[in-house]
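[1] All I have is the shape, not the residue letters:
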């Protein structure tokens, strides 16, 4: 019951932003100003996550949503933005 997530609403994107901020220990992130398609990594990212953050977030995603990001390729494909992550979780929960 604790893993019940409404994946059809923007609530998932907000929940993912909170999870990312918590796991990356970024209390300075303004969740409300953070766009769903904003890059999480790289020079164009105002969020500025690194590979350690990606690992911590991946572990938290598996625990919370039961989805796995195996390897760098999957992380690069599905964890570039909050929108990408939400689509990945939605797809994983419908299988």
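    On my side now, so go ahead. What you are looking at is a predicted structure, and each value in this text was computed from that prediction instead of being measured.
[2] Only C-alpha atoms from now on, for both contacts and neighbour counts.
    Fine.
[3] phi, psi of residue 41?
    The main-chain torsion angles of residue 41 are listed as degrees, to the nearest 10 and equal phi -130, psi 160.
[4] contacting residues for it?
    Residues near residue 41 by Cα atoms under 8 Å, 6 or more residues apart in numbering: 47, 48, 49, 50, 80.
[5] Would you list the buried entries among those residues?
    Burial by neighbour count, judged by 16 or more other Cα atoms under 10 Å, picks out 47, 49, 80 from the contacts of residue 41.
[6] Secondary structure class of the first one, three-state.
    This points to residue 47. With DSSP: H, G, I helix; E, B strand; the rest coil as the basis, the three-state label of residue 47 is coil.
[7] nearest residue to it other than its sequence neighbours?
    Closest residue to residue 47 apart from its sequence neighbours, by Cα to Cα, 6 or more residues apart in numbering: residue 40 at 5.6 Å.
[8] show me the contacts for that neighbour.
    46, 47, 48, 49, 79, 80, 81, 82.
[9] if you set the cut-off to 7 Å instead, what comes out?
    Residue 40 makes contact with 47, 48, 49, 80, 81 under the criterion Cα atoms under 7 Å, 6 or more residues apart in numbering.
[10] circling back: kindly indicate which of the buried ones among the contacts of residue 41 lies nearest residue 87.
    Using Cα to Cα, residue 80 is the member of the buried ones among the contacts of residue 41 that lies nearest residue 87, at 11.4 Å.
[11] pretty sure that closest one contacts residue 39?
    Yes. Applying Cα atoms under 7 Å as the test, residue 80 and residue 39 come out as touching, 5.6 Å apart.
[12] Lovely, talk soon.
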